[in-house]
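Asks: return a 3D structure for these sequence lines:
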Amino acid sequence: MKPTIHPSAQISSSARLDDNVTVGAYAIIGDNVSIENGSVIKHHAVIDCNTRIGKDCVIFPFASIGTDPQDITFKGEETWVEIGDGNTIREFATINRGTVKGGGVTRLGNHNYLMAYAHIGHDCRIGDHTVIINGTTLAGHVEVDDHVVISAHSSVSQFVHIGRNAYIGGYTIVLQDILPFAKISQSRENYFFFGPNSIGMMRNGINREFITTVKDIFRIIFRSDLNTSQALERLKQSYPDSEEMRIIHDFIQRTRRGILKNFVHK
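Replies: I've put the predicted structure just below:
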């Protein structure tokens, strides 16, 4: 089945559309764009250039993908956006291309849901099965692991890493890394820590024993008088063979911005 393209759509001669791709009215598909089988580009969406879109994605009206990075050092180099399979990108969402200094590629994995007005900045790395809710902004070089939910109108600063299965409440300003499995939100100047993202973890098939161990690990990290290095040593002693400890320990070891610990405990 050949692509279905509305007569008013503008398609670059260098774009490649697989079978069963649908392009709606007044959509624009630019240079060096490839779109794989079953994806739908709805009316008025813009896929600017240098963008690879996988299978069975749906790009909603007025979404803008593959535009120049919002970086004053960008000088027109060839950089890319790579989008995996099964993604939904809603109205007015924006995804910018990468920069040479950031590796040249902005990546979105598989089965993600970007809601209206979400922004993915240059050189971001988004995993699989994330939900990025209306109006959320990810600055450049942000890394988001699998099964993360970021609620409405939150802002994530450059180079922040958000660990797997984390949940971030609405209107939160994220300036440091968020541990895997954590559930946090912000109210004015205070951050609130709610422990493990238990509901989200259970929805993703994580058992109660795992969640209980994560809760105990968080108690050592966040509610003891130990600094982070001391807490890591305590964890290695208390949970030497624990997968939960290994995931959290490795995450902390790789942090560049430090982990967020300025919490008011609930």
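Asks: quick check: Val144 touching Gly121?
Replies: No - here Val144 does not reach Gly121: they are 11.6 Å apart, not a contact under Cβ atoms under 8 Å. All C-beta spots, glycine's among them, are computed from the backbone N, C-alpha and C.
Asks: so what sits against both of these two?
Replies: Common contact partners of Val144 and Gly121 (Cβ atoms under 8 Å, 6 or more residues apart in numbering): Leu138.
Asks: the more surrounded of the two?
Replies: Val144 (27 against 23; other Cβ atoms under 10 Å).
Asks: give the contact list for that one.
Replies: Cys124, Arg125, Ile126, Gly127, Thr130, Ile132, Leu138, Ile150, Ile162 are the contacts of Val144 under Cβ under 8 Å, 6+ apart.
Asks: so of those residues, which ones are in strands?
Replies: Per DSSP state E, strands hold the following members of those: Arg125, Ile126, Ile132, Leu138, Ile150, Ile162.
Asks: tell me the two of those residues that are most distant?
Replies: Of all pairs drawn from the ones in strands among the contacts of Val144, the greatest distance, 14.2 Å, lies between Arg125 and Ile150 (Cβ to Cβ).
Asks: neighbour count winner among these two?
Replies: Ile150 (28 against 19).
Asks: which strand residues bridge the more buried one?
Replies: When assigned by DSSP bridges, Ile150 has beta-bridge partners Ile132, Ile168.
Asks: surely it touches Ile168?
Replies: Yes - using Cβ under 8 Å, Ile150 is in contact with Ile168, at 4.8 Å.
Asks: helices along the protein, start to end?
Replies: 198-203, 208-223, 228-238, 243-254 (DSSP state H).
Asks: can you add distance to Gly109, mean pLDDT and mean neighbour count and give these back as TSV?
Replies: Listed next are those as TSV, based on distance: least, Cβ to Cβ, whole Å; pLDDT from 0 to 100; neighbours: other Cβ atoms under 10 Å:
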stretch	distance to Gly109	mean pLDDT	mean neighbour count
helix 198-203	17	95	16
helix 208-223	23	94	16
helix 228-238	29	91	14
helix 243-254	18	95	16
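Asks: of those helices, which is nearest Arg52?
Replies: helix 243-254 (27.2 Å).
Asks: tell me who's in contact with the closest residue to Phe210 other than its chain neighbours.
Replies: Nearest residue to Phe210, sequence neighbours excluded (Cβ to Cβ, 6 or more residues apart in numbering): Glu244, at 6.0 Å. Neighbouring residues of Glu244 by Cβ under 8 Å, 6+ apart: Phe210, Thr213, Val214, Ile217.
Asks: the third one contacts Pro196, correct?
Replies: Yes - with contact defined as Cβ under 8 Å, Val214 counts as touching Pro196 (4.6 Å).
Asks: between the two, what contacts are shared?
Replies: Phe181.
Asks: measure stretch 39-48 end to end?
Replies: By Cα to Cα, to the nearest Å, the extent of stretch 39-48 from end to end equals 16 Å.
Asks: repeat for stretch 181-200
Replies: 9 Å.
Asks: how far does that stretch sit from the chain's center?
Replies: Mean-position distance between stretch 181-200 and its chain equals 18 Å (Cα atoms, centre = their mean, to the nearest Å).
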